[in-house]
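**Student:** here's my sequence, what's the structure:
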Amino acid sequence: MNELEKQLNYPLGDTLPAIGTTLEVAPGVRWLRMVLPFQLDHINLWLLRDEQDGVQGWSIVDCGISNDQTRAAWEQIFANELQGLPVLRLIVTHMHPDHIGLAHWLTERFGVRMWVSATDYNTARLASNSTTGFGGEATARFMASHGLTDADSQTQIKGRTNYYANMVPQIPSSFRRLMDGDTLQIGGRSWVCHAGYGHAPEHMSLHCAELGALISGDMVLPRISTNVSVHETEPESNPLQLYLDSIKRLKALPESTLVLPSHGRPFTGLHTRIEQLVAHHDERFADVIKACAEAPQNAADLLMILFRRKLDLHQTTFAMGESVAHLHALWLAGQLTRKLDADGIYRFSLT
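**Tutor:** As a prediction, this is how the structure comes out:
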């Protein structure tokens, strides 16, 4: 546990649900985990006791990536954790593979609808049928324009032509739209949608005032900072400012809120964690400004300044997107100047 984590409270301590089992974290709310094949090796998913049209059952929130291991874990959940009741709907916080990967399988299996924002639904459909934003020639060119030009990285990025589709082979053909401020009636309780931007196109967190609980998705995580990246599909975007504005809005919820994150353990101390995340990015902004004051910098130049550890290719692509995001936030705020040099690389200098 790092020093920042010690400022938060973890009501369940170190207790984790074993794969294929659940733990109750609030009345009618059960926590389960699925394995991920990354350094970030798990995702938290949620079962909400529900009733629709007089039928008792469960709503699922998020679903894991599409692979045999995740499907097998779900089979254990269906057999042992649902009390013989059906799944009534699937709610997806956003379009990233670990959240939406098995949506088609789950909705087909139970004949239910997926509830998700329209922006993330349509982005997921595009990504599942292309390499947009996740690998291939276009991604490699974008990374090169921000300084990642070494031959090995370029070759590997160009070769990642099915990165998203491998984990999200199909998206449900229809959906129920979630919008900011929508109130869902789940098991006789009201859950309000809070849209967040920057990490995903239109991420939905869910807050239940009666339970004092927030399913935060990836917007607020207790141990790590959420990845916020610029992609080649929107190359002049400012996602980091969108993200920071989004999490600051969540401070309207009580500090005592039980936060149910997609990675890490449930915790309380929402305002504290938001302040930590804002401070973290403020520190990174200061590092970027200092470097750009000394000499023009591209995103690849800043990787060791921002991340301070050796990165594999998977981590490097995320880190590049985040490095560009920090540069763009300062550039679009007028604190940095951007120039496309003769070598085709964008470099940023202090204004």
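
**Student:** for the helix or strand containing Arg71, packing partners?
**Tutor:** If you go by DSSP states H and E, Arg71 is part of helix 68-80. Here helix 68-80 touches strand 29-35, going by 3 or more Cβ pairs under 8 Å, 6 or more residues apart in numbering; DSSP states H and E. C-beta coordinates here come from the backbone N, C-alpha and C atoms, glycine included.

**Student:** off-centre distance for the helix or strand that the strand it packs on is followed by?
**Tutor:** Heading C-terminal from strand 29-35, the first helix or strand you meet, by DSSP H and E, is strand 42-52. Relative to the chain's own centre, strand 42-52 is displaced by 17 Å; criterion: Cα atoms, centre = their mean, to the nearest Å.

**Student:** look up how far Leu306 lies from the nearest residue to Ala127 once chain neighbours are set aside.
**Tutor:** The shortest distance from Ala127 to any non-neighbouring residue, by Cβ to Cβ, 6 or more residues apart in numbering, is to Tyr164 (4.4 Å). Using Cβ to Cβ, to the nearest Å, we find Tyr164 at a distance of 25 Å from Leu306.

**Student:** quick one, which of these two is more surrounded?
**Tutor:** Comparing Tyr164 with Leu306 by neighbour count (other Cβ atoms under 10 Å), the higher total belongs to Tyr164, at 24 against 16.

**Student:** where does the more buried one fall, secondary structure wise?
**Tutor:** Assigned by DSSP H and E, Tyr164 falls within helix 163-167.

**Student:** helices and strands around that helix, which ones?
**Tutor:** With contacts taken as 3+ Cβ pairs under 8 Å, 6+ apart, helix 163-167 sits against helix 97-100, helix 118-128.

**Student:** extract the C-alpha set from that helix and format it as PDB.
**Tutor:** Taking C-alpha atoms only, helix 163-167 is exported to PDB below (Å, rounded to 0.1, in the frame of the first residue of the first chain):
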ATOM      1  CA  TYR A 163      -6.100  -5.700 -30.900                       C
ATOM      2  CA  TYR A 164      -9.600  -4.600 -30.000                       C
ATOM      3  CA  ALA A 165     -11.500  -7.200 -32.000                       C
ATOM      4  CA  ASN A 166      -9.600 -10.000 -30.400                       C
ATOM      5  CA  MET A 167     -11.200  -9.000 -27.000                       C
END
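
**Student:** the helix or strand following it: partners in the sheet, and parallel or antiparallel?
**Tutor:** Downstream of helix 163-167, the first helix or strand assigned by DSSP H and E is strand 176-178. Partners of strand 176-178 in the sheet, by DSSP bridges, are strand 114-117 (parallel).

**Student:** what score does the residue most central in space within the chain have for pLDDT?
**Tutor:** In the chain, the residue lying closest to the centroid (Cα atoms, centre = their mean) is Asp218, at 3.9 Å. Per-residue pLDDT puts Asp218 at 98.

**Student:** go on, Thr161?
**Tutor:** In this model, Thr161 is scored at 82, pLDDT.

**Student:** so how far is His96 from it?
**Tutor:** Distance, Thr161 to His96, by Cβ to Cβ: 18 Å.

**Student:** the two: who's more crowded?
**Tutor:** Between Thr161 and His96, counting by other Cβ under 10 Å, His96 is the more crowded of the two (26 against 16).

**Student:** list the contacts for that one?
**Tutor:** Counting by Cβ atoms under 8 Å, 6 or more residues apart in numbering, His96 touches Ala200, Asp218.
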